[in-house]
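> just need the structure, nothing else, for what follows:
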Amino acid sequence: MPAPAANKRNKRVSRNIIIGSEAWALPPVGHPDRPKGVPDDHTKRWTVYVRQPDGDPSLTTWLNKVQFKIFNTYENPLRTCDNPPFQVTETGWGGFTIDIRLHFQPISGEKAQYRQHFLQLEKYGDEKLQAEQERTGCVRSEYLEVVQFNEPTEALYEALTADDQWSYLALGAKGGKKTSSMSTGPNGRPKRGFPNGERSAQLPEKGGDDIPFSQEQEAELMNQLKAKMQMVEKALEEENKKREDTESKLKSLRAELGHEAAQQAAQQASGDRSRRR
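Model prediction:
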């Protein structure tokens, strides 16, 4: 048997991904712009996706393929995307939860990870957000997810610190649609998302205009999650206290009712004996 791949001890590499969906209203039945073959009860066209944040290194460095498990009523509900874009487009009339399975490159030696996303087809949020959705005609629901590699293999660590992860940004700039200021730094090299362009697989400590994600932002997000968890724990404690108080009252009532019932039974038995005499 071949020797197992060596790991980078005491190393942790994080990568950001965006998991989300977009939905647009379909033209009504009979409209000339309505796509052919769409069921009459379908009112939305939607796309669910896994993407990399703008300016981040290429997903394909570590992500091999993505599987989307959509609703069972669709033909072939398990959709596999072996190459980018990692997305599935369909039509429908109602939202549902989509299971997402992330398969890593073989060099990682990592098992697949699971995520979930609710397909939001109708407008949601506050008035400002709903007004924006009405203006654009698009209902977008997405969130930032962090994938962590603890003690990555030597091969994966080398891939995650290689310069060619950012090559797609330079190619995008040469294509003309993306300006070089968006995809390359002052030195003409692709933006790395790290201060001073150092070769590192770690998030930078501080954020900035050219640094979309940082350890500072990660720490802030963790603090928000901890605060929410504390709120949930406090609410759970209050509910447990209410339950204990209710059980105590019920126990007391049962005891009182049991004593009264015993007295009534004793009185009735005494009356029966008196009548028999």
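
> so which strand or helix has residue 157?
Using DSSP states H and E, residue 157 maps to helix 154-160.

> output that helix as PDB, restricted to C-alpha atoms.
C-alpha atoms of helix 154-160 as PDB (Å, rounded to 0.1, in the frame of the first residue of the first chain):
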ATOM      1  CA  GLU A 154       1.400  18.700   1.800                       C
ATOM      2  CA  ALA A 155       0.000  18.600  -1.700                       C
ATOM      3  CA  LEU A 156      -3.100  20.500  -0.800                       C
ATOM      4  CA  TYR A 157      -1.200  23.100   1.200                       C
ATOM      5  CA  GLU A 158       1.100  23.700  -1.800                       C
ATOM      6  CA  ALA A 159      -1.900  24.100  -4.000                       C
ATOM      7  CA  LEU A 160      -3.600  26.500  -1.600                       C
END
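
> shaky segments in the stretch 1-150 of the chain?
Applying pLDDT under 70 to the stretch 1-150 of the chain flags the ranges 1-5.

> quick check: domain ranges of this structure?
Using automatic domain parsing, the domain parsing of the chain gives 12-160, 171-212, 214-277.

> mind putting those domains in CSV, distance to residue 6 included?
In this view, the C-beta of every residue, glycine as well, is placed from N, C-alpha and C. Compiled in CSV, the domains of the chain are given as follows (distance: least, Cβ to Cβ, whole Å):
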stretch, distance to residue 6
domain 12-160, 5
domain 171-212, 16
domain 214-277, 27
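
> rewinding a little: what mean pLDDT does the helix holding residue 157 get?
Mean per-residue pLDDT for helix 154-160: 93.

> from the chain's centroid, how far away is it?
Centre-to-centre, helix 154-160 and its host chain are 25 Å apart (Cα atoms, centre = their mean, to the nearest Å).

> same deal with stretch 136-149?
7 Å.

> in that stretch, what counts as buried?
139, 141, 145, 147, 149 (16 or more other Cβ atoms under 10 Å).

> specify which member of these is nearest to residue 127.
Nearest to residue 127 out of these is residue 139 (Cβ to Cβ; 14.9 Å).

> nearest residue to that closest one in space, please, no chain neighbours.
The spatially closest residue to residue 139, leaving aside those adjacent along the chain, is residue 23, at 4.5 Å (Cβ to Cβ, 6 or more residues apart in numbering).

> report the buried residues of the helix or strand where the one you found lies.
Counting by DSSP H and E, the element that carries residue 23 is strand 12-25. The neighbour-count check on strand 12-25 (16+ other Cβ under 10 Å) flags 13, 14, 15, 16, 17, 19, 20, 21, 22, 23 as buried.

> name the helices or strands packed onto that strand?
With contacts taken as 3 or more Cβ pairs under 8 Å, 6 or more residues apart in numbering; DSSP states H and E, strand 12-25 sits against strand 44-51, strand 97-104, strand 113-118, strand 138-150, helix 154-160.

> with distance to residue 27 added, can I get those in TSV?
Converted to TSV, the helices and strands packed on strand 12-25 look like this (distance: least, Cβ to Cβ, whole Å):
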stretch	distance to residue 27
strand 44-51	10
strand 97-104	25
strand 113-118	25
strand 138-150	15
helix 154-160	45
